[in-house]
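Trainee: need a 3D model of the following:
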Amino acid sequence: MTGRPHRSDETGVLRRGWQALRFYPLLLLFAVMCLAWSLPAALLFRVLPSEAGGRLGRWGISRGFRLYLAVLRGCGMLRADLSALDTLRHEQGLVIAPNHPSMMDAVLLTSRLPRAACITKASLWHNPLLGGGVRLARYVRNDAVRPMIRQASTMLRDGGQLLIFPEGTRSPLGAELGPFSRSFAVIAEAAGAPVQTVVIEGGNPFLAKGWPAWRIPPLPLVYRARLGPRFPPCGSAEAMSRQVEAFLRHAAAAEEEPGTGGRNGRRRSRSRAPATPLPRRDLA
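Mentor: Residues are numbered from 1 along each chain as shown. Predicted coordinates for the structure are as follows:
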């Protein structure tokens, strides 16, 4: 005679089913929203002047991502405090250099930084969901180093903002930060622009390296962005790269303590490195 399922097992099944009913439609919504912007953006890319198209493209991406995050928050699937980024919105000639734990980073950051252009993989220019928006926004391709540095530094000298991940790719899931590229520092030095570090906290594995988009993560997704120190151009790309890398590695090590549970470990006290204080608000 088989016994009845344990009540906790039944509760777990119901919880997972409810999460799936919310998660997959919202994942589909993201794809639909991206496609809905990518198609007209591809046409506008061909007819609008470069400067006007770039402003419109970056604004459109920012507003679309901000709307999507608001939907996630309204459905109880997201808790994110990104308010610290608002202080950067109107700054000119600034390189923004965050850590890169997941693919959500670009969505979170650009939702609050409508003037920032990103360094992107060349493959995104041909992606049906994102390609049109990326082209219109005049994001900078990373497939040719010298043109990338020239385009990005010119944009910074003209007062633009550049969002670039120093690691170049996402950090390995459950491991330390990956190797850093000096490209961001070379661009900053070429343009005479300061580098503003940003630390993305949360510890959620969703869309980290090795986590497929269709796999349901722990919900709600929790993120927080805080500003780290700003590094002025010092005349040496190598020196600036070392300083930024040292800070971001220190911040990542202070965020979690290995070997005590969780994705990488137990959350511990915040890094004591200089940082701009954040208001205690739950904002998407």
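Trainee: what packs against the longest helix seen in the chain?
Mentor: Scanning the chain for the longest helix, with DSSP state H as the assignment, gives helix 7-47. Counting contacts by 3 or more C-beta pairs under 8 Å, 6 or more residues apart in numbering; DSSP states H and E, helix 7-47 packs against helix 50-74, helix 131-136. Any C-beta I mention is one placed from the backbone N, CA and C, and that applies to glycine too.
Trainee: excluding its backbone neighbours, what's nearest residue 54?
Mentor: Take residue 54 and drop its neighbours on the chain: the residue closest to it by C-beta to C-beta, 6 or more residues apart in numbering is residue 138, 3.8 Å away.
Trainee: before we move on, back to that, which one of the helices and strands packed on helix 7-47 is the most hemmed in?
Mentor: Comparing the helices and strands packed on helix 7-47 on average neighbours per residue, with mean count of other C-beta atoms under 10 Å, the densest one is helix 131-136 at a mean of 24.
Trainee: low-confidence ranges in this structure?
Mentor: 1-10, 12, 174-175, 256-284 (pLDDT under 70).
Trainee: run a quick neighbour tally on residue 20.
Mentor: Other residues near residue 20 come to 11 when the count uses other C-beta atoms under 10 Å.
Trainee: ignore what I typed, I meant residue 46.
Mentor: A count of nearby residues for residue 46, using other C-beta under 10 Å, gives 9.
Trainee: same deal with the one 3 residues further on?
Mentor: Number of residues near residue 49 (other C-beta under 10 Å) recorded here: 8.
Trainee: residue 148: what's it in contact with?
Mentor: Residues in contact with residue 148 (C-beta atoms under 8 Å, 6 or more residues apart in numbering) are 119, 140-142, 183, 187.
Trainee: ok, residue 233 next?
Mentor: Residues in contact with residue 233 (C-beta under 8 Å, 6+ apart) are 188-189, 192-194, 240.
Trainee: what of residue 238?
Mentor: Residue 238 makes contacts with 182, 185, as judged by C-beta under 8 Å, 6+ apart.
Trainee: for it, which three-state class applies?
Mentor: Secondary structure assignment for residue 238 (DSSP: H, G, I helix; E, B strand; the rest coil): helix.
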